[in-house]
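Student: model this:
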Amino acid sequence: MGRARTSVSLGAALLAVAGTMAVGAALKAPCASGDWSDLRQYRLLCYSDIVPLLVTEQLQQGRLPFLDPCDPVPGRNCDEYPVLTMAVMRLAAWVGGSSYATFFVANAAILAIAAGVAAAGLWAVGGRRALWFALAPSLLLTGLVNWDLVAVALATGALVAFAARRDGWAGVLLGLGAAAKLYPALFVVPLVVQRVHERQPDRAVRVLWGAAGAWTAVNLPFALASPASWWEFFRFNASRGPDWDSLWYIACRADDRACWPTGSVNLASAVLAVALAGALWWWKARRSPGFARWSLGLPILVAFLLANKVYSPQYSLWLLPWLALALPSLPPFVAFSVADVAVFVTRFSFFGTLSGAEGAPQWAFELAVLARALALAWCVADWLRRDTAPSALDARGWAAWVGPEEAATA
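Tutor: As a prediction, the model looks like this:
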């Protein structure tokens with residue numbers, strides 16, 4: 001393989017991601033003990049879902065998610081994550097034991113490996129663009145907030161498989177990613193559309209069936225064995241209202257007429273996301289008829305996040321591989337990174353204010369959320385008006401990666 005197009009080695013990319021995850025773990029370390037009585041999770045900005053979910057998901061006594069029942073505890077949900085994420089939690093509890101600190105360390109190790117896999121995949125298809133992920137402030141601050149890096153690694157692996165013309169495996173990895181966090185299912189669309197655009201419908205079908213088959217294979221046993229527990233993830237997410245850092249919540253605070261019932265918000269979010277993604281697709285096709293269809297993953301994901309009623313801090317991790325591969329230039333990425341840091345800092349500082357500590361006012365937090373939305377809009381605008389950054393996922397990039405003769409016969 002010719003690697004002349006990149007001046008960054010795989011070792012350098014892995015070293016960078018290891019350093020970022022190590023610093024992130026050090027920032028979260030004050031919260032790893034589970035003693036948050038002094039509000040340190042807000043004062044020190046070390047909050048992580050990983051720590052309390054050891055108890056919330058009742059993993060200390062060897063409970064098998066979905067298969068073993070949860071003891072009812074008022075105000076706590078159980079089995080509220082997809083199957084593969086719950087499996088990672090279970091594995092970490094077996095490895096780390098029943099203490100908060102060791103559970104956190106076990107999860108930090110697993111997630112660091114996932115981050116390394118994602119960085120290696122990005123290096124394979126994007127060369128030095130892997131550093132956009134490996135050194136991202138969003139990775140440092142939110143990589144250990146939840147388990148999203150598992151899905152990020154699987155989704156990135158799907159892009160590598162797609163670049164290597166292993167379309168069935170690309171679909172399988174997207175299906176597994178969706179079994180960890182549903183969002184990788186969104187990327188079936190741009191990959192299928194890319195193959196259809198290349199007039200290779202058989203390859204498009206491989207992506208589609210690979211994704212559907214892998215997701216079904218992982219989920220069906222649990223859905224049949226314990227349908228109520230398996231369905232809890234979907235029930236919980238359908239019933240929750242707009243979260244603090246969503247545009248829905250800010251709109252509701254600004255005008256009571258925007259405070260819609262949860263069911264209406266769910267429907268409107270889906271319609272808005274589809275309509276916005278479709279409009280961006282149409283616009284890009286008019287401006288650049290031959291554009292790389294796989295790059296639609298970026299505007300589709302941005303449309304979903306901006307229209308969604310929830311934008312948890314770690315959701316920004318979903319964007320990082322796509323910003324690295326599909327965003328033409330660095331300035332909008334920097335703007336997004338700065339705004340995302342501002343959201344993280346003001347969010348938890350504001351939560352400290354709500355709990356009685358000194359912290360940021362709500363207006364500062366909401367201003368940061370709006371700034372991030374504008375930065376994402378800039379990212380999409382940059383994608384609309386420029387060619388996608390070269391990578392192995394498009395025809396030109398593939399030829400540069402493996403050589404024109406191999407690309408022609410792949």
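Student: contacts and neighbour counts: CA atoms only from here.
Tutor: Will do.
Student: Show the average pLDDT along stretch 365-382.
Tutor: Stretch 365-382 shows an average pLDDT of 98 in the prediction.
Student: Identify the residues contacting it?
Tutor: 245-247, 250, 298-299, 302, 306, 327-329, 332-333, 335-336, 339-340, 342-343, 346-347, 350 (CA atoms under 8 Å, 6 or more residues apart in numbering).
Student: ok, which stretches of this structure are strands?
Tutor: In the chain, no strands are defined using DSSP state E.
Student: so where's it uncertain?
Tutor: 1-6, 75, 394-410 (pLDDT under 70).
Student: Mind doing that once more with 80?
Tutor: Scanning the chain with the threshold set as pLDDT under 80 gives 1-6, 72-77, 390, 394-410.
Student: Next, name the residue at the spatial heart of it.
Tutor: Trp318 (2.5 Å; CA atoms, centre = their mean).
Student: How about that one, nearest residue that isn't a chain neighbour?
Tutor: Leaving out its chain neighbours, the residue that sits closest to Trp318 by CA to CA, 6 or more residues apart in numbering is Val152, at 6.1 Å.
Student: is it true that the one you found touches Ala178?
Tutor: No: the criterion here is CA atoms under 8 Å, and Val152 misses it with Ala178 at 10.0 Å.
Student: so where do the helices sit in the stretch 1-150 of the chain?
Tutor: Under the criterion DSSP state H, counting those that start in this stretch, the stretch 1-150 of the chain contains helices at 10-28, 40-43, 50-56, 83-96, 100-126, 130-134, 137-142, 148-163.
Student: Serialize these to TSV and add fields for distance to Asp256.
Tutor: As requested, these are exported to TSV (distance: least, CA to CA, whole Å):
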stretch	distance to Asp256
helix 10-28	37
helix 40-43	29
helix 50-56	34
helix 83-96	37
helix 100-126	41
helix 130-134	39
helix 137-142	32
helix 148-163	33
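Student: Make CSV out of those helices and add distance to Pro69 and mean neighbour count.
Tutor: Shown next, in CSV, are the helices of the stretch 1-150 of the chain (distance: least, CA to CA, whole Å; neighbours: other CA atoms under 10 Å):
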stretch, distance to Pro69, mean neighbour count
helix 10-28, 31, 20
helix 40-43, 30, 20
helix 50-56, 13, 20
helix 83-96, 14, 20
helix 100-126, 21, 23
helix 130-134, 39, 26
helix 137-142, 30, 24
helix 148-163, 25, 26
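Student: List just the one of those that sits closest to Gly356.
Tutor: helix 40-43 (10.7 Å; CA to CA).
Student: Give me the contact list for the closest one.
Tutor: With CA under 8 Å, 6+ apart, helix 40-43 has contacts from Pro30, Cys31, Cys46, Tyr47, Ser48, Phe348, Ser349, Phe351, Gly352, Ala357, Gly359.
Student: Sort out which one of those lies nearest Ala225 for me.
Tutor: Ser48 (30.9 Å).
Student: what's the neighbour count on that closest one?
Tutor: Ser48 has 22 neighbours, counted by other CA atoms under 10 Å.
Student: Provide a list of residues in contact with it.
Tutor: Contacts of Ser48 (CA under 8 Å, 6+ apart): Lys28, Cys31, Gln41, Leu144, Val145, Asn146.
Student: which of the residues in stretch 191-200 are buried?
Tutor: Leu191, Val192, Val193, Gln194, Arg195, Val196, His197 (16 or more other CA atoms under 10 Å).
Student: From Trp94, how far off is the fifth one?
Tutor: Read it as Arg195. From Arg195 across to Trp94, the span is 42 Å (CA to CA, to the nearest Å).
Student: The fourth one now?
Tutor: Computed as CA to CA, the Gln194 to Trp94 distance reads 42 Å.
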